[in-house]
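A.B. asks: what's the 3D shape of this:
(chains A, B, C and D)
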Protein chains: 2
Amino acid sequence: MPNAGPVDPLDARLLLELAKHPRATTSGLAGQVGISRNTAQARLIQMEQNGTLDSFERRIRPEALGYPLTAFITIQVTQRRLDAVADALAAVPEVLQVHGISGPIDLLVHVVATDTEDLYRIAGQILAIPGVERTNTSLVMRQLVDYRITPLLQRTAGNP
Amino acid sequence: MPNAGPVDPLDARLLLELAKHPRATTSGLAGQVGISRNTAQARLIQMEQNGTLDSFERRIRPEALGYPLTAFITIQVTQRRLDAVADALAAVPEVLQVHGISGPIDLLVHVVATDTEDLYRIAGQILAIPGVERTNTSLVMRQLVDYRITPLLQRTAGNP
DNA sequence: CCTGCGTTGGGCATCGTGCTCACCTTTCCT
DNA sequence: AGGAAAGGTGAGCACGATGCCCAACGCAGG
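C.D. replies: Numbers count the residues shown, from 1 in each chain, chains lettered A, B, ... in the order given. This next block holds a predicted model:
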């Protein structure tokens, strides 16, 4: 498993630059951050391998693929069927991610859909999975804060 | 706003290759997909600009920054205070994303923390925001399905 | 004091990039 | 049918970036 990639301030500054300019070259990044190209290259390769960076899939917007609707479905599962339910969820293409969470609700499922009808179909498909007791679908109507991690990066970088 | 980037099967195949090899070169991708380098380059640049691709931030793992805990906090908000609450949430670095959702619960907040104590502090900080009526914190204990979008990509690519 | 470890600057051959062009095919419009 | 528009192709070219090597330096811990 990906061990904790201990990101030091130097790495953080490189990542901040990358967040601003995803297509920046290694040499360019080195210049911006003020380190030698060799060091920048070493750090980047290391980060790509030690689990600091997630899959490229994260950058692909479902909207662009024709799935403009996002919803979160909470699931209560018959105990001891968690893994079986997870497998069944993984078989649904529109399921992007499944979290096992604490509390009365067992699963939080991140799904996308082409339209409301499609979402209804997917919700039904999930409800039909053996072991699924109860579901609750919440449609995402607005992104009030878009995904960002720069605040934490700046903290690691020693925010100047 | 990013208009829908209509991803065609060719784009999808490029993205699938990129998902497998994030550091692949444009020339390499063109070879793998079986198109000319010129076309691949044009498609990639276009996707980077028309909103098909999300920010690079998405690929940075919070765990690597020293935030191994992930939680989802649901919030009920005093109506008409949504934007004010959203602004206050955006001021919390550990808040990665905020969704406005349908149903009795108004907001779904994605947060990370260094440990449980840290999470408790953040939850308290959120509860103290004027307009926040009720919160409910669910700790993510396991990723039952890791984020993936390849199933949808393969569908777009005309899954062979 | 000495030994690793990471950074540095230099250098080098190769490859990738960004860009331009002429040419071709397909599609759509008149 | 004719013709324009859009997108793919192969070729070419100058420049920069890449991957890799090495000797030297500063700094930490033993």
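
A.B. asks: which residue is nearest the centroid of chain A?
C.D. replies: With distances taken as C-alpha atoms, centre = their mean, A:R58 lies nearest the centre of chain A, 5.6 Å away.

A.B. asks: which ones are touching it?
C.D. replies: B:D54, B:R58, B:R59, B:Y147 (C-beta atoms under 8 Å, 6 or more residues apart in numbering or on different chains). C-beta: built from backbone N, CA, C; applies to glycine.

A.B. asks: identify the residues contacting the residue sitting furthest away from the middle of chain A.
C.D. replies: The centre of chain A is farthest from one residue, A:S36, which by C-alpha atoms, centre = their mean lies 31.5 Å away. Shown in contact with A:S36 (C-beta under 8 Å, 6+ apart): A:A30.

A.B. asks: quick one: contacts of stretch A:117-125?
C.D. replies: A:L69, A:A71, A:I73, A:V92, A:E94, A:V95, A:V111, A:A113, A:T135, A:T137, A:L139.

A.B. asks: same thing with stretch A:90-108?
C.D. replies: Against stretch A:90-108 from outside (C-beta under 8 Å, 6+ apart): A:62, A:67, A:72-77, A:82, A:85-86, A:89, A:109-113, A:118, A:122, A:125-126, A:136, B:70, B:72, B:136, B:138-149, B:151-152, B:155.

A.B. asks: let's see 6 Å
C.D. replies: A:74-77, A:86, A:89, A:109-113, A:122, B:138-142, B:144-145, B:147, B:151-152 (C-beta atoms under 6 Å, 6 or more residues apart in numbering or on different chains).

A.B. asks: ok, now which ones touch A:T150?
C.D. replies: A:T150 neighbours (C-beta under 6 Å, 6+ apart): none.

A.B. asks: now swap in A:T116 and tell me
C.D. replies: So A:T116 contacts nothing (C-beta under 6 Å, 6+ apart).

A.B. asks: the closest residue to DNA strand D within chain A: how many residues sit nearby?
C.D. replies: Using C-beta to the nearest atom of the strand, the single residue of chain A nearest to DNA strand D is A:T26, 3.2 Å away. A:T26: 16 surrounding residues under other C-beta atoms under 10 Å in any protein chain shown.

A.B. asks: ok, it touching A:R43?
C.D. replies: No. The pair A:T26 / A:R43 is not scored as a contact, 9.5 Å apart, by C-beta atoms under 6 Å.
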